[in-house]
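J.: when you get a sec, could you give me coordinates for this:
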Amino acid sequence: MYEWNEMVQHMVEWVDANLSETKSLLKMSQQLGYSPYYCSKQFNQLTGMTLRDYIWTRRISRAALELRDTDERVLDIAVKYGFSSQEAFTRSFVKAFNVTPSVYQKAPRPIPLAIRLEVFSPYHYLIKERDKMSYVNVQPVEIKVELIPAHKFIGIWDVTVQNYGDFWSAGHDCDEICGTLESMSNFVLPGQLGQTAGWFYRNEQKGYLYGIPVALDYSGAIPAGMECREIPESEYLVFFHPPFDYLKDNSAVISKVEQVTWNFDPSGLGYKWDEEMKQDYQRHFAEGYGYAVLRPVRNI
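T.: Numbering: from 1, shown residues only. So this is what the prediction gives:
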C-alpha cells in the first residue's frame, strides 16, 4: 500500500545525501530502477511539489546553515551548492528568506528553513502493529529528578488543544514552524533536545505548546506568530522510558509513561506539583533518547 511512499522517501534521502553534488535525476532514477519521468511524477503526486523545487529549497536551506555556522565565504558556499555565481545565489537566498546571504551571515536571524520531507515513516505501520502489542518489549517507567535552570521558551501556546496531533490540525503550519525553529537550533538551551512539545496551564485550563528552550539571556529576534516567555528554574520529575523500537513499541510506551505520569503522587518523594507558572515538557526521540514527560515540582 505504501510502496511509493517508501520509494519517494528514498528519493528524499538521495537528495539530502547529494545536495552539494551535481548528480543528475537520471542517475537517481537508475539507482531506484524507474524512469526519470515516473520518479518526478510520483514525487509530485505525494509531496505536492516538484522534485526540482524540493532540491532547490533544501540546497538553499543547507547553505543557510553553513552561513550561520561557518566562516566560509559566501561565494564558496554558493559554488558548493550548485549556484552559477554569487549573484545567482543571492537572488535565490533573498527569494527564500527576504535577506541577503552576506547580511544573514553577519547577523543570523530566524528564517523558515525547508525541513526534510517525510512521506514514509513508522506511522504508516502503526495500525498493523497495534495488533501485535501483546508482544512489545515495554520496560518499567523510570522516575528521576532533573533540575532545569531558568530559561526562555520561544514557541506557540495553544489553549484549544491538548496533544501533538490536534496541535498541527489546529491551523499551525508544521513545515514553517519547524523550519523556522531549526534555523534557531544553535540557541537551544544546553542539555535539552531541541524542538520540544508539552503542556501548560492557564486559569485551570490545559493547553499544548511547541517550541524551543533557549538561554535566559537570549535577546535575539522572535519569529512572527511566536512568543517568548521566561520559565523559572525548577526541579522536574522525569517519567522516562529508555530507547525503544518505534515500529513495535511506540503506542505502548507512550501509553505506559503517560499513565504513570498523570496518576503519580509526588508527596511520597517530598514534592508537590508546581505547574501554575511553569509548564510540562515532552521528549520523544524513540531510538536515540526514548520517551519522557517532565512535570515541575517543589518541596512540600
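J.: in the stretch 151-300 of the chain, which spans are strands?
T.: In order along the chain, the stretch 151-300 of the chain carries the following strands (DSSP state E, counting those that start in this stretch): 151-158, 196-202, 205-215, 227-231, 234-241, 271-273, 279-285, 290-299.
J.: pull up the pairing partners for the fourth one, direction included.
T.: Partner strands and pairing direction for strand 227-231 (DSSP bridges) are strand 151-158 (antiparallel).
J.: quick one, domains of this protein?
T.: 3-106, 134-299 (automatic domain parsing).
J.: what strands line up against the helix or strand hosting Val145, and which way round?
T.: Per DSSP states H and E, Val145 falls inside strand 142-148. Applying DSSP bridges, strand 142-148 is found paired with strand 234-241 (antiparallel).
J.: so how far is the strand it pairs with from its chain's centroid?
T.: On the basis of CA atoms, centre = their mean, to the nearest Å, strand 234-241 sits 21 Å off its chain's mean C-alpha point.
J.: same question for stretch 99-106, mean pLDDT?
T.: Mean pLDDT, stretch 99-106: 96.
J.: return the distance of that stretch from the chain's centre.
T.: 24 Å.
J.: quick one: low-confidence parts of the protein?
T.: For the chain, the stretches with pLDDT under 70 are 1-4, 22-24, 120-136.
J.: so what's Glu287 up against?
T.: By CB atoms under 8 Å, 6 or more residues apart in numbering, Glu287 lies in contact with Pro243, Phe244, Asp245, Tyr246. C-beta coordinates here come from the backbone N, C-alpha and C atoms, glycine included.
J.: repeat that for Trp157.
T.: Here Trp157 is in contact with Phe200, Gly207, Tyr208, Leu209, Glu227, Arg229 (criterion: CB under 8 Å, 6+ apart).
J.: pretty sure the fourth one is touching Trp199, no?
T.: Yes: assessed by CB atoms under 8 Å, Leu209 is found in contact with Trp199 at 6.9 Å.
J.: shared neighbours of the two, which are they?
T.: Shared contacts of Leu209 and Trp199, counting by CB under 8 Å, 6+ apart, come down to Gln279.
J.: for Arg202, give its distance to Leu209.
T.: 11 Å (CB to CB, to the nearest Å).
J.: who has more neighbours, the two?
T.: The residue with more neighbours, out of Arg202 and Leu209, is Leu209; 23 against 10, by other CB atoms under 10 Å.
J.: any idea how far the residue lying closest to the more buried one once chain neighbours are set aside is from Val12?
T.: Closest residue in space to Leu209, ignoring its immediate chain neighbours: Trp157 at 4.8 Å, by CB to CB, 6 or more residues apart in numbering. Note on Trp157: its distance to Val12, by CB to CB, is 31 Å.
J.: what's the answer for Asp274, then?
T.: In this structure, Asp274 and Val12 are 43 Å apart, going by CB to CB.
J.: same deal with Arg68?
T.: Arg68 is 23 Å from Val12, by CB to CB.
J.: neighbours of Ser102, just the number please.
T.: Ser102 - counted by other CB under 10 Å - has 13 other residues nearby.
J.: and it, what helix or strand is that in?
T.: Going by DSSP H and E, Ser102 is part of helix 101-106.
J.: who are the packing partners of that helix?
T.: helix 51-69, helix 74-80, helix 86-97 (3 or more CB pairs under 8 Å, 6 or more residues apart in numbering; DSSP states H and E).
J.: which other residues reach the longest one?
T.: Contact partners of helix 51-69, identified using CB under 8 Å, 6+ apart, comprise 11-12, 15-16, 19-20, 25, 39-40, 43-44, 47, 72, 74, 77-78, 80-82, 89, 92-93, 96-97, 101, 104-105, 108, 111, 113-117, 179, 183, 186.
J.: buried by neighbour count, from those residues: which ones?
T.: 11-12, 15, 19, 25, 39-40, 43-44, 47, 74, 77-78, 80-82, 89, 92-93, 96-97, 101, 104-105, 108, 111, 113-117, 179, 183 (16 or more other CB atoms under 10 Å).
J.: tally of neighbours for Asn5?
T.: Quick note: Asn5 (other CB under 10 Å) scores 16 neighbours.
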